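Engineer: Quick one: sequence and predicted model below, then my questions.
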Amino acid sequence: MQEKYDYIVIGGGVVGAMIARWLSRYEGRLLLIEKEADIGMGCSSANTAIVHAGYDPLPGSLKALMNVRANPMWDQLAGELNFPFERRGDYVVAVGEEELPLVEKLMQQGIRNGVPGMTMIDGPEMRSRERDINPETSGALWATTGGICDPFQVTVAAAENAVNNGATVLLNTEFQDFIWEGNRVIGVKTNRGEFFARWVINSAGIYSDNVMHKAGVRPEFFIKARKGEYFIFDRAEVQIHNVLFPVPSSRGKGILVTGTLHENTIVGPNANVIDDKEDTSLTKEGMDELIDGAKKLIPNLNLRASIANFVGLRPMGNGPAWTPGLNYNNDYVIEIPSNVQGFVNLGGIESPGLTSAPAIAEMVVDLLKDAGENLVAKKDWDPIRLARPRYAHMTHQERRLLCDVDPSYGRVICRCENVTEGEIIAEVHAPIPAQTYDAIKRRTWLGTGRCQAGFDMTRVVAILARELGVSPFEITKRGKGSEYLYRKTKDTEVTDVN
Amino acid sequence: MSIKKQYDVVVIGSGPGGLAAAIEAKKGGADDVLVVERDVELGGILLQCIHNGFGLQTFKEDLPGPEYAQRYINEAKTLGITFLLDTMVMDVTSQRKLYLSSRDFGYLEVDARAIVLAMGCRERTRAQVRIPGYRPNGVFNAGTAQRWVNVEGFMPGKRFVILGSGDIGMIMARRLTFEGAHVERVLEVQSYLSGLSRNYVQCLEDWDISLQLQHTVKKIIGKDRVEAIESVAVDDKWNFIPGTEEIIPCDTLLLSVGLIPENELSKKAGVILDPVTGGPFVDEHFQTNVPGIFAAGNVVHVYDLVDYVSMAGAGAGKSAAEFAIAEKERAARYIPLVPGKNVRYIVPHKLDKKALEQGDISLQMRVTRPIEEDVWLEVRGDENSIVKRSERYVRPGEMVTIVLKPRMAAELEKTGKLTVDIYPKSEA
Ligand SMILES: Cc1cc2nc3c(=O)[nH]c(=O)nc-3n(C[C@H](O)[C@H](O)[C@H](O)COP(=O)(O)OP(=O)(O)OC[C@H]3O[C@@H](n4cnc5c(N)ncnc54)[C@H](O)[C@@H]3O)c2cc1C
Ligand SMILES: Cc1cc2nc3c(=O)[nH]c(=O)nc-3n(C[C@H](O)[C@H](O)[C@H](O)COP(=O)(O)OP(=O)(O)OC[C@H]3O[C@@H](n4cnc5c(N)ncnc54)[C@H](O)[C@@H]3O)c2cc1C
């Protein structure tokens, strides 16, 4: 296979998807490659889903700049791409008098970063806003510009919008090496052949260090995985609406208790550096840590109402501070390196990377322009991506109308989250087709409820097989190696154990 | 099939609880009984319980689950009960309004005079037992695996470890062995069996499947599909005992760690649950705190034997029919007041026929437009005029009152509605 593009984006996380969406506004052929069976399977779908106000990153860091620049972009973005987003605001809660100065310091840092809309509220006020909060709460920072989103929907929406504007997305396609002409990158080698392009953009998340090393860039830059574990609670049992941070420590923003746009409360993440970049396993110690963290903010949290866990890995880099002279070495790398041509390099995009993604995409466009790239706006670029119907969120009247138009929406497949056959079919035939159980799950929120797929699993496998035109044995949870079924019953030709 | 706007009794779920409730409701005199089932067949969880052991009490026979269910299905079908299959009840209100969703029937609103909740239960999941490790494919609830093997005809693995000595887990251990798979072990965290002893003998002992009490899963290994689990012994407080870890290669971990009554719908209707059973508080008629909403079967508390579920269902169905009949009689006693000529509205809107036995009743109303001459105010029954009096004028700004007297009670008995007209005498 030999294909010629103008731009190739490596990695279909939120950053890659946003870059693709930003570049799709200009003339040129664009390809996004993703090694997994779906986009957004990395940390873009396993994070806290917060659009940060910007008081957290160190003033002068690229993290701070990107965060504060990106935050106000989200309203328009959500409007254009039709993903769930809500400016709910967030709190950093001081428990006991001794934590109060730390919160005040955080607010000062926010002011230096240029964050608008922050105030301090006192203990009684905080307790009136969240009745289950620790009674020893002495005050809180209230950041009105904080928001929450559905990060996976954001990723899908951005990538779909790029596809609708002419971009190509290839799943199950892993970058292996660069193709060179002198010191100019002219393409990539993948497990599915070679693809050529004038520019290759590295947004490979936790593996972006490997990618840049293949380009001979920043041999001293390394990414370590910092594991964050979470609990999810049944919305019928636990209802925390607010976004509640504890006071941050040297190990990060600490363990939050927060509502989500699916109205499930989540608790997490902890932060532990690990060696294996694939280790998304849940640990007993981690769960204990989360329980302690949660109890600090909400002492009477009903831990028995937990319905699931998830784990995300932060791509923690050792990028030098963007502002020279600053004593900080976990900054973002966003650059066109001087020693290689045709290569845009990103690295260490950890939190607030979800928040920052639109500003990062904009910065990539600016870098390309600065490098002399002649970006010509498409006349017919369409910024709007429409959302597909979500039965669970509809009124009785809307459901009746939808079922009249397409009866498959009447058939409920996921009993807890009320996801219907019509929604599953729509995702399988979406601009970026959902081909695995998890792809359907993240797009529709099916199987995420209290029964954890106990009811829908057999049904979804059957629908996927039918819609994809394959046998049920080929249906996987998240790509090759994660099949559900092994053989038919009564198959006497086979012996399972020898 | 025509679906009515209103039913005497609506039963949610067609397991043994729901079927028995529907049958008894019908026999108890409810005319219109509707059973709504989200699965494509009637019978509930029994359809996947193809092992025997059902009906020893009721039929004095040892039946497989589907056959036990079939006896009730056959009876229900002869009684003229309406069934909606592949249809999910989405919402129930305390006013006994139900919202149903279905591919074949669309999105429907149905009113019930009485409701029987018979939604059964669901299985507890991995999160509730907090098993560390990866989250690969191959960790299934025993009931889900049972559906796969017994209903869909697929094997979801080759080598199994089962966590929990509940009945479903033990029954699946034997079932999988029949089908040629290998069950490495059943682990139970407690020091005693959690299911029936007869299942231990017939499903594990007879097939040389080993049960390890006071053992649990410490970790799940394998990123895409289960590759092994690490087991560990625990002390009386369920603490892991170091040094007892063992890696057991397998591709599937089945969880049989308990059942929870399925009451999300009940809560929407305002039904209060007992925190101990997880099911509604019920009285001896199986009525919940919400009048007219009854509950039976695993939705109330988790049963061990199906015979008791059928008995409870029958009781709830009978009570629901009684409630619906009383409700219908009460409703039939009322007649509506209909605004006729030049009447905008009348308060009250309806009238208990027996109400005049207690004394006068005044009807208050306003006219639509003014009439500046002598008018008749007339209350009519279906056939006769009941009251007729005059006024010198009527105006929308001034309320009009007409009083019904006890002597008119006999006329009221005869009519299905009362109409009020206000018109100029000149037009009479
Ligand atoms: C626990 C946790 C909590 C967080 N909370 C927040 C928060 O609340 N708010 C916030 O703003 N940020 C948060 N973040 C950070 C945010 O999630 C990340 O910064 C953001 O998702 C990074 O996006 P990405 O696209 O760079 O990375 P990823 O999502 O990891 O995407 C990279 C993609 O590249 C693919 N890839 C890698 N190698 C190759 C290859 N060789 N070939 C092809 N494809 C490849 C991967 O499969 C992956 O899909 C959190 C992160 C974690 C882990
Ligand atoms: C694996 C297993 C093995 C068993 N073995 C034995 C045995 O050997 N002997 C014995 O005597 N008993 C046994 N039992 C117990 C007995 O079968 C159950 O107690 C009995 O089936 C419960 O009946 P039910 O009607 O309450 O619930 P179910 O049979 O679970 O029926 C509930 C029905 O409600 C439907 N429903 C739920 N919510 C909705 C909704 N919103 N809209 C529409 N429909 C809905 C469900 O689809 C289901 O069909 C076993 C149970 C299980 C699970």
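Structural biologist: Arrived safely, thanks for sending. Numbering: from 1, shown residues only, chains lettered A, B, ... in the order given. Ligands and ions are numbered 1, 2, ... in the order given.
Engineer: contacts, neighbours, all on C-alpha from now
Structural biologist: OK.
Engineer: for residue 15, what are its contacts?
Structural biologist: All of this refers to chain A. A:Val15 sits next to A:Ser203, A:Gly353, A:Leu354, A:Ala357, A:Pro358, A:Ile360, A:Ala361 when contact means CA atoms under 8 Å, 6 or more residues apart in numbering or on different chains.
Engineer: that's the wrong chain, I wanted chain B
Structural biologist: B:Leu42, B:Gly43, B:Gly44, B:Ile45, B:Leu46, B:Ala69, B:Ala118, B:Met119, B:Gly120.
Engineer: out of the residues you listed, which is most surrounded?
Structural biologist: B:Ala118 (33 neighbours; other CA atoms under 10 Å in any protein chain shown).
Engineer: that older thread, out of the contacts of A:Val15, list just those in strands.
Structural biologist: Of those, none are assigned to strands by DSSP state E.
Engineer: if we look at ligand 1, which of the residues you listed are close to it?
Structural biologist: A:Ser203, A:Gly353, A:Leu354 (CA under 6 Å from any ligand atom).
Engineer: Near the closest residue to ligand 2 within chain A, how many other residues are there?
Structural biologist: Using CA to the nearest ligand atom, the closest approach of chain A to ligand 2 is made by A:Arg415 at 7.3 Å. Each residue near A:Arg415 was counted by other CA under 10 Å, and the total is 21.
Engineer: Show me the helices in chain A, by range?
Structural biologist: In chain A, the helices defined using DSSP state H lie at A:14-23, A:62-70, A:74-81, A:100-113, A:123-129, A:151-164, A:208-214, A:284-297, A:353-370, A:396-405, A:421-428, A:437-444, A:457-468.
Engineer: Let's check: the centremost residue of chain B is which one?
Structural biologist: B:Leu117 (2.5 Å; CA atoms, centre = their mean).
Engineer: Please name the residues that touch that residue.
Structural biologist: B:Val11, B:Ile12, B:Gly13, B:Gly18, B:Ser266, B:Ile293, B:Phe294, B:Ala295, B:Ala296, B:Val299.
Engineer: related to what we said a few turns ago, include pLDDT, secondary structure and distance to A:Pro383 when you put the contacts of B:Gly15 into CSV, please.
Structural biologist: Output for those, formatted as CSV (pLDDT from 0 to 100; DSSP: H, G, I helix; E, B strand; the rest coil; distance: CA to CA, whole Å):
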residue, pLDDT, secondary structure, distance to A:Pro383
B:Leu42, 97, coil, 49
B:Gly43, 97, coil, 51
B:Gly44, 97, helix, 48
B:Ile45, 96, helix, 49
B:Leu46, 97, helix, 52
B:Ala69, 97, helix, 56
B:Ala118, 98, coil, 49
B:Met119, 98, coil, 46
B:Gly120, 97, coil, 48
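Engineer: and the lengthiest helix in chain B, which residues are buried?
Structural biologist: Longest helix in chain B by number of residues, with DSSP H as the criterion: helix B:306-332. For helix B:306-332, a neighbour-count test (16 or more other CA atoms under 10 Å in any protein chain shown) marks B:306-325 as buried.
Engineer: So which elements touch the helix or strand just after it?
Structural biologist: Following helix B:306-332 in sequence order, the next helix or strand is strand B:334-339 (DSSP states H and E). Helices and strands touching strand B:334-339, by 3 or more CA pairs under 8 Å, 6 or more residues apart in numbering or on different chains; DSSP states H and E, are strand B:343-347, strand B:350-352, strand B:418-424.
Engineer: so where's the stretch 151-300 of chain B uncertain?
Structural biologist: Counting by pLDDT under 70, the stretch 151-300 of chain B contains no low-confidence range.
Engineer: At which residues are the strands of it located?
Structural biologist: B:154-155, B:159-163, B:182-188, B:211-213, B:215-221, B:228-233, B:246-249, B:252-255, B:259-261, B:293-295 (DSSP state E, counting those that start in this stretch).
Engineer: next one: the stretch 301-450 of chain A
Structural biologist: Under DSSP E, counting those that start in this stretch, the stretch 301-450 of chain A gives strands at A:306-316, A:333-335, A:343-347, A:412-414, A:419-420.
Engineer: Looking at these, which one is packed in the most?
Structural biologist: Of these, the one with the most neighbours on average (mean count of other CA atoms under 10 Å in any protein chain shown) is strand A:412-414, at a mean of 27.
Engineer: Neighbouring strands of that strand in the sheet, and parallel or not?
Structural biologist: strand A:419-420 (antiparallel) (DSSP bridges).
Engineer: Any residue of the strand it pairs with touching ligand 2?
Structural biologist: No. Strand A:419-420 lies apart from ligand 2 when judged by CA under 6 Å from any ligand atom; the minimum separation is 13.0 Å.
Engineer: Now do that strand, average pLDDT.
Structural biologist: Over the span of strand A:419-420, the pLDDT mean works out to 97.
Engineer: Next, the buried residues of stretch B:50-63.
Structural biologist: B:Ile50, B:His51, B:Gly53, B:Phe54, B:Gly55, B:Leu63.
Engineer: burial measure for A:Tyr486, as a count.
Structural biologist: Neighbour tally, A:Tyr486, other CA under 10 Å: 15.
Engineer: Confirm for me that it is in contact with A:Phe473.
Structural biologist: Yes. Using CA atoms under 8 Å, A:Tyr486 is in contact with A:Phe473, at 6.4 Å.
Engineer: Relative to ligand 1, how far out is B:Asp274?
Structural biologist: 37 Å (CA to the nearest ligand atom, to the nearest Å).
Engineer: so what's that residue up against?
Structural biologist: B:Pro280, B:Phe281 are the contacts of B:Asp274 under CA under 8 Å, 6+ apart.
Engineer: And for residue 143, nearest residue in space, chain neighbours not counted?
Structural biologist: Just so you know, I chose chain A. Nearest residue to A:Ala143 in three dimensions, chain neighbours excluded: A:Met118, at 4.5 Å (CA to CA, 6 or more residues apart in numbering or on different chains).
Engineer: wrong one, I was asking about chain B
Structural biologist: B:Ile168 (6.7 Å).
Engineer: just to revisit the earlier point, ranking the strands of the stretch 151-300 of chain B by mean neighbour count, which comes first?
Structural biologist: In terms of average neighbour count - mean count of other CA under 10 Å - the standout among these is strand B:293-295, at a mean of 32.
Engineer: What is it packed up against?
Structural biologist: With 3+ CA pairs under 8 Å, 6+ apart as the test, strand B:293-295 has strand B:106-117, helix B:306-332 packed against it.
Engineer: pLDDT at A:Asp496, what is it?
Structural biologist: For A:Asp496, pLDDT reads 55.
Engineer: and what of A:Thr448?
Structural biologist: 88.
Engineer: count of neighbours near it?
Structural biologist: 19.
Engineer: Flag every residue of the stretch 151-300 of chain A that's near ligand 1.
Structural biologist: A:Thr173, A:Glu174, A:Phe175, A:Gln176, A:Ser203, A:Ala204, A:Gly205, A:Ile206, A:Tyr207, A:Gly228, A:Pro269.
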